[in-house]
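>>> just the structure for this:
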Amino acid sequence: MSIKKMSKGTKEKVQLILTMSRQADVYVLDEPIAGVDPAARDYILRTIISNYAENSLVIISTHLIADVESVLDEAIFIKEGHIVLHKNVDAIREETGMSVDGYFREVFRC
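Below you'll find the model as predicted:
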């Protein structure tokens, strides 16, 4: 089957597998779970966690914080091009009494 005929979720999985198979120092993943079903999200997160090079950095840009929160070590919140928070996720939880997702919603409340 050609990639053009694959579903969005399957395309995302193939692209992720190709990306994570490299022995990179830094992986930058922009919205890797956006637009895919929950089962595909779980697969994608498992693939990221189990396949990155041991001494590498994985940067995930996403608005779907609740879905990735369990795999985060640090969080950076950016608003209008400026960093408004850069902190260890455990420190965020301890200091705010909230999940990272909950705190994100508080900081960016409309």
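>>> in stretch 66-77, what counts as buried?
Buried positions in stretch 66-77, judged by neighbour count with 16 or more other Cβ atoms under 10 Å: 67-69, 75, 77. Where C-beta positions appear, they are placed from N, C-alpha and C, glycine not excepted.
>>> assign Leu85 to helix, strand or coil.
strand (DSSP: H, G, I helix; E, B strand; the rest coil).
>>> what helices or strands is the helix or strand hosting Tyr43 leaning on?
Taking DSSP states H and E as the criterion, Tyr43 maps to helix 38-51. The helices and strands touching helix 38-51, judged by 3 or more Cβ pairs under 8 Å, 6 or more residues apart in numbering; DSSP states H and E, are helix 8-20, helix 65-68.
>>> grab the CA positions of it and hand them over as PDB.
Presented in PDB, the C-alpha positions along helix 38-51 are these (Å, rounded to 0.1, in the frame of the first residue of the first chain):
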ATOM      1  CA  PRO A  38      -7.100   7.600  21.100                       C
ATOM      2  CA  ALA A  39      -5.700   4.100  20.300                       C
ATOM      3  CA  ALA A  40      -3.300   5.700  17.700                       C
ATOM      4  CA  ARG A  41      -2.300   8.300  20.300                       C
ATOM      5  CA  ASP A  42      -1.400   5.600  22.800                       C
ATOM      6  CA  TYR A  43       0.600   3.800  20.100                       C
ATOM      7  CA  ILE A  44       2.400   7.000  19.100                       C
ATOM      8  CA  LEU A  45       3.300   7.800  22.700                       C
ATOM      9  CA  ARG A  46       4.600   4.300  23.400                       C
ATOM     10  CA  THR A  47       6.600   4.500  20.200                       C
ATOM     11  CA  ILE A  48       8.200   7.800  21.200                       C
ATOM     12  CA  ILE A  49       9.100   6.600  24.700                       C
ATOM     13  CA  SER A  50      10.500   3.200  23.700                       C
ATOM     14  CA  ASN A  51      12.500   4.300  20.700                       C
END
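>>> run through who's touching it.
The contact list for helix 38-51, computed with Cβ atoms under 8 Å, 6 or more residues apart in numbering, reads 9, 12-13, 16-17, 20-21, 27, 29, 32-33, 36, 58, 60, 64, 67-68, 71.
>>> if anything else comes up later, I'll come back, but that's it for now.
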